[in-house]
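Participant: only geometry, no sequence info:
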């Protein structure tokens, strides 16, 4: 059965480039990103893991740990990291799972047989501190992910987990947000003292509350 938003992320133990891990222990009480790549020593995947490494400080600021996975063996991962670091001018410090038996890939439905019967698609899961799946994005093998979009969505998820707000189209951290329908208009000034605008009865905006 495929996973859906709000489902508990399955736990697992796996061998990685940084030793054996228990997924829940690895995540601790923070946020996590689990993302798959089709194969080692491939061009798009090399750029993706390089970009992830370069954004290390951004993920750390958001209390988010990153974990990559593919069905290639550990020795290939370790060798490939050297190429990633060289070509992308980075330092890969996050673990990469060696999922040769496809345990993690099957748990998270990362293999789509109509795309490839053996390799994973570019699946990405954001998992909250409650171990529930907050976001699922799937790209085809031919298209590299936009990791700035991943950061944007992560900002939105963390903000909306704390406040009764939603984020509009193309929202970026620091911009106005939408007050959710659960908050009566009369209660907005007390809940959001920075001010608000009523564009329509169902569309009320306020400055980002945690800025």
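Facilitator: Arrived safely. Only a predicted model underlies this, so the values are computations on that prediction, with no experimental measurement involved.

Participant: what residues does the helix or strand of the chain with the lowest mean pLDDT touch?
Facilitator: Using mean pLDDT, DSSP states H and E, the weakest-scoring helix or strand in the chain turns out to be helix 103-107, at a mean of 89. Defining contact as C-beta atoms under 8 Å, 6 or more residues apart in numbering, one finds that helix 103-107 is touched by 10, 12, 14, 34, 36, 69, 71, 97, 99, 110-111, 120. No exception for glycine: its C-beta is placed from N, CA and C like everyone else's.

Participant: how does it look with 6 Å?
Facilitator: When contacts are defined by C-beta atoms under 6 Å, 6 or more residues apart in numbering, helix 103-107 is touched by residues 10, 12, 14, 69, 97, 99, 111, 120.

Participant: Now residue 64. Nearest residue, chain neighbours left out?
Facilitator: Nearest residue to residue 64, sequence neighbours excluded (C-beta to C-beta, 6 or more residues apart in numbering): residue 31, at 4.2 Å.

Participant: Repeat that for residue 211.
Facilitator: Once flanking residues are discounted, residue 211 sits nearest to residue 174: 5.7 Å by C-beta to C-beta, 6+ apart.

Participant: What count of nearby residues applies to the one you found?
Facilitator: As a burial measure, residue 174 scores 10 neighbours (other C-beta atoms under 10 Å).

Participant: Help me confirm that it is found in a strand?
Facilitator: No - assigned with DSSP: H, G, I helix; E, B strand; the rest coil, residue 174 falls outside any strand and is coil.
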